[in-house]
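[1] Dropping the sequence and predicted coords here.
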Amino acid sequence: MTQAQGCLVITLQADLTDEAFGGVHRAVTERLVESQLDAAIFDFSGVQILDAYEFDRFARLARVAGLLGARVVLVGLTPGIAAFLAHADVDTEGMRFCLQMEDAFALLARRQT
């Protein structure tokens, strides 16, 4: 997790145990509250394989970030993961996606003004 251009950037990895994911969840929510950042980018660019359960965990965390006032963008899904999510009818309603980090920063900058 890092802070860049006024956003909390969370670099994700697949295959987290429930305990490890709980730690990520706590760290993200605590950082958003403490830093009072109003934007979060979930970076999936290092994730090669993602199943529906794992995506759902990250999607719930993104929703929590949204409830804490952060504008959330998911970045870097591979074409294979995007196709899987579409074919598996995974609920992505209301989520914002960008291909690259620069696109996410630009989207968040536009929405801020």
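    Nice, I can see it. Quantities reported herein were computed from a predicted structural model and do not represent experimental measurements.
[2] Name the nearest residue to F84, ignoring sequence neighbours.
    L50 (7.5 Å; C-beta to C-beta, 6 or more residues apart in numbering). Every residue, glycine included, has its C-beta placed from N, CA and C.
[3] From G76, how far off is that neighbour?
    11 Å (C-beta to C-beta, to the nearest Å).
[4] can you list residues touching both of the two?
    F44 (C-beta atoms under 8 Å, 6 or more residues apart in numbering).
[5] Sort out which residues of stretch 56-63 are buried, please.
    R57, F58, A59, L61, A62 (16 or more other C-beta atoms under 10 Å).
[6] CSV please, covering the residues you listed and showing secondary structure.
    Shown next, in CSV, are the buried residues of stretch 56-63 (DSSP: H, G, I helix; E, B strand; the rest coil):
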residue, secondary structure
R57, helix
F58, helix
A59, helix
L61, helix
A62, helix
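[7] Kindly reformat those residues as TSV containing pLDDT and distance to G46.
    What follows is the buried residues of stretch 56-63, written out as TSV (pLDDT from 0 to 100; distance: C-beta to C-beta, whole Å):
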residue	pLDDT	distance to G46
R57	92	16
F58	93	13
A59	94	18
L61	95	17
A62	95	17
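[8] what ranges do the helices span in the protein?
    18-35, 52-67, 79-87, 101-112 (DSSP state H).
[9] Perfect, I'm done here.
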